[in-house]
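# turn this into a structure:
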Amino acid sequence: MTTAEVIVKEDAFQIPTYLKMPLALERGKGCLVWDAEGTRFLDFYGGHCVTLLGHCPPRVVEAIRYQAEHILFYSNAVYSSVRANTAALLTQMAPTGLGHVFFCNSGTEAVEAALKLSRKATGRSGLLAMKGGFHGRTLGSLAATWNPAYRDPYTDVLHKTHFVPFGDLEAAELTLMGNPDIAAVILEPIQSIAGIVEAHPAYYQGLRRLCDRHGVCLIFDEIQTGVGRTGTFSISEQYGCTPDLITLAKSLGSGMPVGAVLVSDEISASVEYGDQGSTFGGGMLAMAAIKATLETLVEQELMQCAPTIHTWIRTAVETLGFSVRGRGCLIGVDLGMPAKPVMAALRDRGVLVGGSADPHVMRLMPPLVTQPQDVNSFRQAFEQATQTIKP
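Numbers count the residues shown, from 1 in each chain. Next up, the predicted model:
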């Protein structure tokens, strides 16, 4: 099928919930993808920040193939060696004290589970979240998502959430003091869709102290910052504080639909049979993908590549007069002009990037296997695109 044929057929049968690039991708390898006509693109978007190891990483592909030939799936009604080994490896890589895991199928499910765990552990129901934050589209996670365009149609069924400005420790403290029903504080350590917005490390440390003082769980939504994308397995390691719960998804399975919650030993001790469940969470195929992803990260020392790739891209962008935000391979470029025309011009030149809620900020989410020649290709296309689109 041609790209045009794919677009017509897909639009005919899917409900119109996604505004898509006019592309039909059929193949990927490393930093590159190809469309139905064989046109090649440099992928610095990664399908919503997913392909951390690049497309079709060999070890992950082989692990999925091997697992599929043995047993595709059985639920948590039974034990599984691949699940046991994956859980052990994942918790070994987690920050100290987060020695347990709950597996699910997506980021929003991971957030839902983290919220339920915090409410069970504290006996409270309230929630404090950040303006600008995004945590998912199912009703529990949607209650913690700031964008009114997502929340407003469902406010009558959403749990009440206290929203405070991201980075404002005093506002968080006042809210906790005035609302003793709050069970958890949830935040993206770097607000990605908001435009790659980050606070000072002292802010996260201060939130940790506040949560301890008020008996509140601290949840880091690391669905985008986690699994080594910012240079350490959890970005909390760079801030010098450890949350009670960390949600993971996206990069964790290298493209397989997976989600997980890393859970503190204290909260894990409060869990009882039946508190949470998932038919497909922890399925063998997903576990094989996670295990191979983590093994690749460790054995090839890829997390250590994130700061280097960041420096390459920062240098390339700043030499052209634009500023850069973020850490590792989660990068925002402040264009000082509307980003959408620049993104389209980049796509026309064979480079895929992402946008954000800030209309002037373009997001780059390159894989950890990015090489200098890939950055050079991006720089050339970016220079041409920005020269074509005048502020």
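# the strands in the stretch 151-300 of the chain, which residues?
Using DSSP state E, counting those that start in this stretch, the strands of the stretch 151-300 of the chain run over 162-165, 182-187, 190-191, 197-198, 217-221, 245-248, 259-263.
# closest one to residue 100 among the ones you listed?
strand 259-263 (4.5 Å; CB to CB). C-betas here are computed from N, CA, C, even on glycine.
# show me what that closest one pairs with in its sheet, parallel or antiparallel.
strand 100-104 (antiparallel), strand 245-248 (antiparallel) (DSSP bridges).
# and the strands of the stretch 151-300 of the chain: which comes nearest residue 229?
Among these, the nearest to residue 229 by CB to CB is strand 190-191 (9.6 Å).
# pLDDT wise, what is the closest residue in space to residue 70 that isn't next to it in sequence at?
The shortest distance from residue 70 to any non-neighbouring residue, by CB to CB, 6 or more residues apart in numbering, is to residue 284 (7.9 Å). As predicted, residue 284 sits at a pLDDT of 98.
# what's the answer for residue 274, then?
For residue 274, the pLDDT comes out at 87.
# give the burial count for it, as a bare number.
Other residues near residue 274 number 6, with proximity taken as other CB atoms under 10 Å.
# which residues touch the nearest residue to residue 182 once chain neighbours are set aside?
Excluding its sequence neighbours, the residue lying closest to residue 182 (CB to CB, 6+ apart) is residue 126, at 3.9 Å. Residue 126 makes contact with 160, 162, 179, 181-183, according to CB atoms under 8 Å, 6 or more residues apart in numbering.
# which of those residues are buried, as a ChimeraX select command?
Remark: buried members of those, expressed as a ChimeraX selection using 16 or more other CB atoms under 10 Å:
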select :162,179,182,183
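# lowest pLDDT pick from the contacts of residue 126?
Among these, residue 160 has the weakest pLDDT, 89.
# next, it: phi, psi?
phi -70, psi 130 (degrees, to the nearest 10).
# what distance do you get for it to residue 382?
43 Å (CB to CB, to the nearest Å).
# point out where the protein drops to low pLDDT.
By pLDDT under 70, the low-scoring segments of the chain are 390-391.
# repeat that for 90
Flagging of the chain using pLDDT under 90 yields the residue ranges 18-19, 160, 274-276, 388-391.
# centre-most residue in it?
Centroid-nearest residue in the chain, with CA atoms, centre = their mean: residue 224, separated by 2.1 Å.
# residue ranges for the helices of the stretch 51-200 of the chain, please.
Remark: helices assigned in the stretch 51-200 of the chain by DSSP state H, counting those that start in this stretch are 58-70, 81-93, 107-122, 139-142, 148-151, 169-178.
# can you list the buried residues in the first one?
Of the residues in helix 58-70, those buried by neighbour count under the rule 16+ other CB under 10 Å are 59-60, 63-64, 67.
# could I get the residues you listed in TSV, plus columns for distance to residue 371?
Output for these, formatted as TSV (distance: CB to CB, whole Å):
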residue	distance to residue 371
59	18
60	19
63	24
64	25
67	30
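# from the residues you listed, pick the one nearest residue 356.
Set against residue 356, the nearest of the buried residues of helix 58-70 by CB to CB is residue 60 (28.1 Å).
# may I have stretch 57-65 exported as CSV, CA atoms only?
Provided in CSV are the C-alpha atoms of stretch 57-65 (Å, rounded to 0.1, in the frame of the first residue of the first chain):
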residue,chain,number,x,y,z
PRO,A,57,17.2,-3.3,19.0
PRO,A,58,18.6,-6.8,18.1
ARG,A,59,18.7,-8.2,21.6
VAL,A,60,15.1,-7.2,22.3
VAL,A,61,13.9,-8.5,18.9
GLU,A,62,15.6,-11.8,19.6
ALA,A,63,14.2,-12.0,23.2
ILE,A,64,10.6,-11.5,21.9
ARG,A,65,11.1,-14.1,19.1
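# give me the residues contacting that stretch.
By CB under 8 Å, 6+ apart, the residues outside stretch 57-65 that reach it are 53, 253-256, 285, 288-289, 291-293, 295-296, 369.
# if we can go back for a sec, the residue nearest to the centre of the chain is in contact with residue 52, isn't it?
No: using CB atoms under 8 Å as the test, residue 224 is too far from residue 52 to be in contact (10.2 Å).
# ok, back up a step: most widely separated two among the contacts of stretch 57-65?
Largest separation among these by CB to CB: 285 and 369, giving 23.0 Å.
# would CSV of the strands of the stretch 151-300 of the chain with distance to residue 118 be doable?
Listed next are the strands of the stretch 151-300 of the chain as CSV, based on distance: least, CB to CB, whole Å:
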stretch, distance to residue 118
strand 162-165, 14
strand 182-187, 4
strand 190-191, 20
strand 197-198, 23
strand 217-221, 4
strand 245-248, 7
strand 259-263, 10
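# am I right that residue 333 is in a helix?
No: Residue 333: not assigned to a helix; according to DSSP: H, G, I helix; E, B strand; the rest coil it is strand.
# begin at 53, not 1, for the rest of this chat.
In the new count, where the first residue is 53, that last one comes out as residue 385.
# for residue 359, see how far away it is.
Per CB to CB, residue 385 is found 17 Å from residue 359.
# who has more neighbours, these two?
Set residue 385 next to residue 359 and count neighbours by other CB under 10 Å: residue 385 wins out with 28 against 15.
# quick one: contacts for the more buried one?
Per CB under 8 Å, 6+ apart, neighbours of residue 385: 369, 374-377, 413-416.
# beta partners for it?
Using DSSP bridges, the bridge partners assigned to residue 385 are residue 376, residue 414.
# and it, how far is that from residue 214?
Residue 385 sits at a distance of 32 Å from residue 214 (criterion: CB to CB).
# and for residue 227?
For residue 227 relative to residue 214 (CB to CB), the value is 5 Å.
# can you list residues touching both of the two?
Contact criterion CB under 8 Å, 6+ apart; residues shared by residue 227 and residue 214: 180, 234.
# and of the contacts of residue 178, the nearest to residue 257?
Checking the contacts of residue 178 against residue 257 by CB to CB gives residue 234 as the nearest, at 19.2 Å.
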